[in-house]
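**Q** Prediction below, plus the sequence it came from.
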Amino acid sequence: MQPAHLTLIGKPGCHLCDDARDVVESVVGKLADDPSAPPVVLDERSILDDPDLHARFVEDIPVLLINGTVHNYWRIDPVRLRTALLELA
């Protein structure tokens with residue numbers, strides 16, 4: 001099974017980014033023991049370190065990408081994320 005690549009785009013000091021990270025880590029942690037779920041690779045990127053990400057997402061952080069496609073902006077819904085990950089399996 002191919003891993004799901006999650007990219008969380010935000011910046012330090014962003015409370016919504018911290019909340020999004022907590023939701024993503026919780027969902028991924030709960031799916032870790034589910035044999036029907038794909039393995040997940042999580043990468044965090046800061047708009048402060050990448051001018052292209054800054055230009056594209058400065059008004060939208062946090063942003064969660066799944067396999068390079070935008071899944072959510074601002075607030076991450078745990079049920080929607082779990083469903084999206086299970087659909088990749």
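**A** Perfect, thanks for sending it.
**Q** Longest helix of this structure, counting residues only.
**A** helix 15-31 (DSSP state H).
**Q** Go through that helix and flag the buried ones.
**A** Residues of helix 15-31 classed as buried: Cys17, Ala20, Arg21, Val23, Val24, Val27, Val28, Leu31 (neighbour count, 16 or more other C-beta atoms under 10 Å). Just so you know, the C-beta spots here come from the backbone N, C-alpha and C atoms, and that holds for glycine as well.
**Q** same thing with stretch 46-55?
**A** Ser46, Ile47, Leu53.
**Q** quick one: the helix or strand hosting the last one to chain centroid distance?
**A** In other words, Leu53. Element membership for Leu53 (DSSP states H and E) is helix 51-57. The chain centroid and the centroid of helix 51-57 are separated by 17 Å, computed with C-alpha atoms, centre = their mean, to the nearest Å.
**Q** Averaged pLDDT, that helix. What do you get?
**A** Taken as a whole, helix 51-57 has a mean pLDDT of 96.
**Q** moving C-terminal of it, what's the next helix or strand?
**A** Toward the C-terminal end, the helix or strand that comes next after helix 51-57 (DSSP H and E) is strand 63-66.
**Q** Neighbouring strands - and their directions - for that following strand?
**A** When sheet partners are counted by DSSP bridges, strand 63-66 sits next to strand 4-10 (antiparallel), strand 69-73 (antiparallel).
**Q** looking at these, which is closest to Val40?
**A** strand 4-10 (5.0 Å; C-beta to C-beta).
**Q** Next, the angle helix 15-31 makes with the closest one.
**A** Relative orientation of strand 4-10 versus helix 15-31 (axes from the mean of the first three to the mean of the last three C-alpha atoms, to 10 degrees): 160 degrees.
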